[in-house]
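1. Could you work out the structure for the sequence below:
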Amino acid sequence: MPLDPMSYDELPYTCSAMPYAQPDRLATLATLFGMTPPAVATCRVLELGCCDGSNIIATAHQLPQAECWGIDLSVPQIAHGQALVEALGLQNITLKPLNILEIEEDLGQFDYIIAHGIYSWVSAPVQAKIFQICKHHLTPQGVAYLSYNTKPGWNIRDTLRDMMRYYGTAADAPKRTEQLKTLLQLIAKTIAADKTAYNQMISDELTHFVQLPEHFIFKEFLEEEHQPEYFHQFIAKAHSHGLEYLADAFFPTMLVNNFPPTVAEELYVFQNNLIHQEQMMDFLRNRRFRHTLLCHQGIPLNRHLSPEVLNYFYIASSLQPVANTTKPLQQFANAQGSVSTEQPIIQLALHYLSQQWPKAVAFTELVAQIKSHQDYSPQVQEQAILADALFNCYAKGLMDWYTQPPQLITTITTYPQASSLARWQARHGQRVTNQRSEVVTLENGIGLRLLPYLDGTHDRTALLKQLNDWVEQGLLTIHIKHQETDEAIDLSAENRPEILEKLLADTLQLIAQTALLVA
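-> Modelled structure (predicted):
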């Protein structure tokens with residue numbers, strides 16, 4: 001069985017949408033490596049161990065023409081997800097409480113199969129069943145996603161797990177996690193008293209451990225079944241079931257040139273044995289978790305990647321120009337890193353993408369926009385330079401590519417409309433899922449309060465009235481400082497309309513930039 005149902009229901013696992021486990025991420029990488037994956041818009045998707053359906057519901061919500069299935073052992077979790085499905089009025093999704101071992105052939109075939117956070121926590125027979133499902137229920141050009149804990153990263157963590165399981169003997173899950181707090185205090189005292197190499201490794205793991213939610217601690221460290229394995233061992237099992245390694249859902253981790261040059265040079269020696277090369281990279285990174293994409297054996301895969309594939313994709317980039325960079329060099333940066341260039345065509349492209357963010361732009365549209373620029377006419381060879389630069393940005397995780405762009409808008413219309421999923425989540429005080437399948441936090445607290453009212457029936461006047469009502473009712477407190485003096489500004493009857501209007505404009509812009517608005 002995937003998990004002990006009693007412990008699973010006793011301490012439910014909190015779930016969320018996962019951008020790296022969405023059909024388009026799988027389709028993009030399949031296309032990149034030469035496959036012809038099924039069209040995302042009309043695909044069939046199966047998620048094994050879907051928890052409360054948070055991820056597969058986000059998929060169904062964003063792909064109304066797709067057919068989505070979610071299966072999980074927990075009856076309460078499925079019931080929770082079904083309530084959301086009904087609230088959103090989704091007609092293209094089925095959630096079923098079902099043991100993975102009970103899945104029959106009549107379930108049909110799927111273009112994309114997802115099993116996140118399941119494989120390492122089940123018995124060998126269930127692991128084999130997961131592979132069998134991927135083999136027998138995956139369409140010919142379909143892609144399966146499996147995530148799992150890996151060695152060597154889990155070698156030291158397994159020591160911590162053994163320690164916790166030995167110490168935490170209470171019958172119920174909440175009490176066992178409480179016992180662990182006492183154990184952690186003991187470990188902390190030991191580490192403080194003796195700075196050995198072993199204690200330092202344990203200390204590093206505890207730094208990560210204390211940040212984890214309670215339900216995650218129970219699953220990772222206290223569940224009976226837990227079988228981390230080396231990447232090459234996982235792939236050998238996949239091969240035995242007629243499946244082939246396609247890619248990692250995090251593409252940059254596959255590339256040796258993301259290591260320092262001297263290390264990359266040594267890794268290039270293994271370029272003719274991809275599995276061996278990636279296993280070596282896992283050793284060097286002490287990797288503890290993987291998101292592996294599989295396809296059917298026998299499908300020709302192109303491992304000699306070329307920037308020419310860009311013609312198949314849409315590009316989204318949050319890279320923003322950095323002020324005060326020395327001309328002609330221009331730097332662009334985001335949370336993932338930065339890139340600098342003197343090439344005008346690359347600068348124009350990154351500027352345009354930054355203006356369109358979070359929308360995704362077709363490469364052909366991007367080239368057309370550059371060609372329409374009054375002061376610049378790119379040469380054919382420069383287009384090749386641009387494609388190469390964008391490929392390098394993607395390879396370093398600085399931008400996203402799509403076969404189908406996320407359905408969102410950045411224009412604030414007369415009657416702004418946020419997605420129905422985000423509105424429901426905001427109304428119930430939950431984390432909000434945007435149109436890029438990301439769980440986002442609005443820096444402006446007013447945004448979360450305002451989201452339920454962005455249903456396409458409230459214009460700015462109505463939204464301003466709502467803000468004003470909240471202020472008068474004492475439900476909304478606004479703290480504003482003067483830009484020049486940094487002194488607090490009192491919200492009086494005279495200046496309130498102007499302040500609220502600016503606050504609304506800023507909040508709507510933030511919501512748009514967070515990829516929450518739809519047409």
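
2. could you pull out the helices for the stretch 101-250 of the chain?
-> All helices of the stretch 101-250 of the chain, identified by DSSP state H, counting those that start in this stretch, fall at 124-137, 153-167, 173-193, 197-209, 214-217, 231-240.

3. Now distance to Glu86 too, for these, in a markdown table please.
-> For the C-beta atoms, the positions are set from N, CA and C on the backbone; glycine is no exception. Compiled in a markdown table, those are given as follows (distance: least, Cβ to Cβ, whole Å):
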| stretch | distance to Glu86 |
| --- | --- |
| helix 124-137 | 26 |
| helix 153-167 | 39 |
| helix 173-193 | 29 |
| helix 197-209 | 38 |
| helix 214-217 | 25 |
| helix 231-240 | 37 |
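
4. which of the ones you listed sits most buried?
-> The highest mean neighbour count among the helices of the stretch 101-250 of the chain, using mean count of other Cβ atoms under 10 Å, belongs to helix 124-137: a mean of 18.

5. Show me what it is packed up against.
-> On a contact count with 3 or more Cβ pairs under 8 Å, 6 or more residues apart in numbering; DSSP states H and E, helix 124-137 meets strand 44-48, strand 110-115, strand 138-149, helix 231-240, strand 243-248.

6. One more pass at 6 Å, please.
-> Helices and strands touching helix 124-137, by 3 or more Cβ pairs under 6 Å, 6 or more residues apart in numbering; DSSP states H and E, are strand 110-115.

7. Look at stretch 113-131 and report the distance between its end residues.
-> One end of stretch 113-131 to the other measures 11 Å (Cα to Cα, to the nearest Å).

8. how far out from the middle of the chain is it?
-> Distance of stretch 113-131 from its chain centroid, counting by Cα atoms, centre = their mean, to the nearest Å, is 20 Å.

9. comparing the helices of the stretch 101-250 of the chain, which gets the lowest mean pLDDT score?
-> In terms of mean pLDDT, the lowest-scoring of those is helix 214-217 (a mean of 68).

10. how close does Gln271 sit to Asn258?
-> 15 Å (Cβ to Cβ, to the nearest Å).

11. Neighbour count: the two, which is higher?
-> Asn258 (14 against 11; other Cβ atoms under 10 Å).

12. list the contacts for the more buried one?
-> Applying Cβ atoms under 6 Å, 6 or more residues apart in numbering, we find Asn258 in contact with Pro252.

13. Distance check, it against Phe313.
-> From Asn258 to Phe313 the distance is 20 Å (Cβ to Cβ).

14. How confident was the prediction at the closest residue in space to Gln65 that isn't next to it in sequence?
-> Computed as Cβ to Cβ, 6 or more residues apart in numbering, the closest residue to Gln65 that is not its neighbour in sequence is Thr42, at 4.9 Å. Listed pLDDT for Thr42 reads 98.

15. again, but for Gln473
-> Reported pLDDT for Gln473: 89.

16. So, low pLDDT: which residues of the stretch 301-450 of the chain?
-> For the stretch 301-450 of the chain, the stretches flagged by pLDDT under 70 are 374, 378.

17. what are the ranges of the helices in it?
-> Using DSSP H, counting those that start in this stretch, helices in the stretch 301-450 of the chain cover 344-356, 363-371, 380-395, 420-427, 445-450.

18. of all those helices, which lies closest to Ala519?
-> helix 420-427 (12.9 Å; Cβ to Cβ).

19. For the closest one, which helices and strands make contact with it?
-> Going by 3+ Cβ pairs under 6 Å, 6+ apart, helix 420-427 lies up against strand 432-433.

20. May I have the strands that pair with the strand it packs on, each with its orientation?
-> Looking at strand 432-433 with DSSP bridges, its partner strands are strand 439-440 (antiparallel).

21. Next, the residues that contact the partner strand from outside, please.
-> Ser16, Arg431, Val432, Thr433, Asn434, Thr514.

22. go again using 8 Å as the cut-off
-> Outside strand 439-440, the residues within contact range by Cβ atoms under 8 Å, 6 or more residues apart in numbering are Ser16, Ala17, Arg431, Val432, Thr433, Asn434, Thr514, Ala515, Leu516.

23. State the distance from Phe332 to Tyr352.
-> From Phe332 to Tyr352 the distance is 12 Å (Cβ to Cβ).

24. I misspoke; the intended subject was Val269.
-> From Val269 to Tyr352 the distance is 40 Å (Cβ to Cβ).

25. the more surrounded of these two?
-> Taking other Cβ under 10 Å, Val269 and Tyr352 do not tie; Tyr352 has more neighbours (18 against 12).

26. Which residue is the nearest non-sequential neighbour of that one?
-> That would be Gln369: by Cβ to Cβ, 6+ apart, it lies 5.3 Å from Tyr352.

27. Return the residues in contact with the one you found.
-> Leu348, Tyr352, Val361.

28. and which of the residues you listed is nearest to Leu386?
-> Nearest member of those to Leu386, counting by Cβ to Cβ, is Leu348, at 8.8 Å.

29. Would you agree the closest one is in contact with Lys371?
-> No: with contacts counted by Cβ atoms under 8 Å, Leu348 stays clear of Lys371, the gap being 9.9 Å.

30. what about the two, which has more around it?
-> Between Leu348 and Lys371, counted using other Cβ under 10 Å, Leu348 has the larger neighbour count: 19 against 13.

31. how about the closest residue to the more buried one other than its chain neighbours, what does it touch?
-> Closest residue to Leu348 apart from its sequence neighbours, by Cβ to Cβ, 6+ apart: Ile370 at 5.0 Å. Taking Cβ under 8 Å, 6+ apart, we find Ile370 in contact with Ile345, Leu348, Ala349, Tyr352, Tyr376, Pro378, Leu386.
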